[in-house]
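[1] Predicted model follows, preceded by the sequence.
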Amino acid sequence: MTNIRYQSIPIVENSDPMVEVARAGLIAEPMYFKSGTAKSPHLFMREGLARLLKDIEAQALKTHGLRFKIWDAWRPRDVQHAIYTDYSNRLKRENPGWDEARLAREVGLYVTPADDPQRIPPHATGGSVDLTLCDAEGNDLPMGTGFDHFGVEAHLRYFEEAGRDARIRDNRRLLFTAMKDAGFSLDNEEWWHYDFGNQKWAMALGQPKAFYGEVSDCALDRAGKISFRLLQA
């Protein structure tokens with residue numbers, strides 16, 4: 001993620017509901033639950049986003065025998081804050097000579113701070129998705145790094161340079177092309193991150209407004225019903 005000041009983009013919330021990723025027919029691997037950062041094993045996203053991903057699977061990916069694997073989607077502010085704090089503390093330990101301004105700048109290349117009420121973290125809208133490609137058996141394709149590898153190897157075009165692994169380059173190209181053609185915006189620092197409908201997407205694609213605002217709460221009850229709250233609705 002970059003330090004683009006996208007919060008100036010107006011939001012006209014379209015009230016698109018939230019869906020649970022696995023129940024929408026997508027493969028889910030909740031990475032932050034597995035690491036202990038998030039409490040819920042369920043991944044949620046906007047219904048329109050899930051529909052787009054299913055359409056891509058049925059069209060651009062089907063001929064390759066591939067599917068998406070969703071690592072993360074909607075993310076509440078408390079999880080966002082934990083990710084930001086963990087990464088900030090790690091960089092602080094590794095770079096004791098950095099001042100606070102340098103530290104905030106470096107952390108902000110990859111993680112959005114969650115403590116500014118005027119700035120909605122993209123994942124908090126339900127319109128951001130972290131994903132990879134996998135085969136029909138669910139085996140991940142080689143993409144050069146794992147999830148949340150905060151380093152230059154994770155940059156979208158890292159494997160475009162001559163002499164680097166052509167197989168990884170082609171896998172990233174396939175993911176990028178499929179997502180871009182479907183109307184998603186990309187993240188230059190994270191090959192796995194894409195946006196749709198939120199302020200970050202609108203700024204990247206020159207759209208006058210976003211239609212996904214913040215989802216403050218989302219949960220699946222014992223009866224299988226999703227409850228959520230839209231702050232802009």
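    Sure thing, it's come through.

[2] and the worst-scoring helix or strand of the chain on mean pLDDT, what does it pack onto?
    Least confident helix or strand of the chain, by mean pLDDT, DSSP states H and E, is helix 100-108 with a mean of 89. If contacts are counted by 3 or more CB pairs under 8 Å, 6 or more residues apart in numbering; DSSP states H and E, helix 100-108 sits against helix 77-94. C-betas here are computed from N, CA, C, even on glycine.

[3] Could you look up the next helix or strand downstream of the least confident helix or strand of the chain?
    Per DSSP states H and E, helix 100-108 leads on to strand 128-135 as the next helix or strand towards the C-terminus.

[4] Now do the strands in the protein.
    Ranges of strands in the chain, per DSSP state E, are 18-20, 27-28, 44-46, 66-72, 128-135, 185-186, 193-195, 215-220, 226-230.

[5] Would you mind telling me which of the ones you listed is nearest I11?
    strand 226-230 (10.3 Å; CB to CB).

[6] what packs against that closest one?
    strand 18-20, strand 215-220.

[7] so of the ones you listed, which one's packed in deepest?
    strand 18-20 (a mean of 22; mean count of other CB atoms under 10 Å).

[8] Could you list every helix and strand that it packs against?
    Looks like strand 18-20 contacts strand 44-46, helix 47-56, strand 215-220, strand 226-230 (3+ CB pairs under 8 Å, 6+ apart).

[9] Contacts made by it with the rest, please.
    42-47, 50, 74, 126, 215, 218, 220, 226, 228 (CB atoms under 8 Å, 6 or more residues apart in numbering).

[10] Mind checking which of those are buried?
    Burial by neighbour count, 16 or more other CB atoms under 10 Å: within the contacts of strand 18-20 this picks out H42, L43, F44, M45, R46, A50, W74, G126, V215, C218, L220, F228.

[11] Measure how buried S8 is and give me the count.
    8 (other CB atoms under 10 Å).

[12] With the one 3 residues further on instead?
    Using other CB under 10 Å, I11 is surrounded by 20 other residues.

[13] what's across from it in the sheet?
    A210 (DSSP bridges).

[14] From E153, how far out is A73?
    A73 sits 24 Å away from E153, going by CB to CB, to the nearest Å.

[15] still on that earlier bit, mean pLDDT lowest where, among the helices and strands packed on strand 226-230?
    Note on the helices and strands packed on strand 226-230: lowest mean pLDDT is at strand 215-220, with a mean of 94.

[16] same for it, what does it pack against?
    Packing contacts for strand 215-220, counted by 3+ CB pairs under 8 Å, 6+ apart, involve strand 18-20, strand 44-46, strand 226-230.

[17] tell me the phi and psi of the closest residue to R157 other than its chain neighbours?
    Once flanking residues are discounted, R157 sits nearest to N188: 7.4 Å by CB to CB, 6 or more residues apart in numbering. Main-chain dihedrals, N188, degrees, to the nearest 10: phi -60, psi -30.
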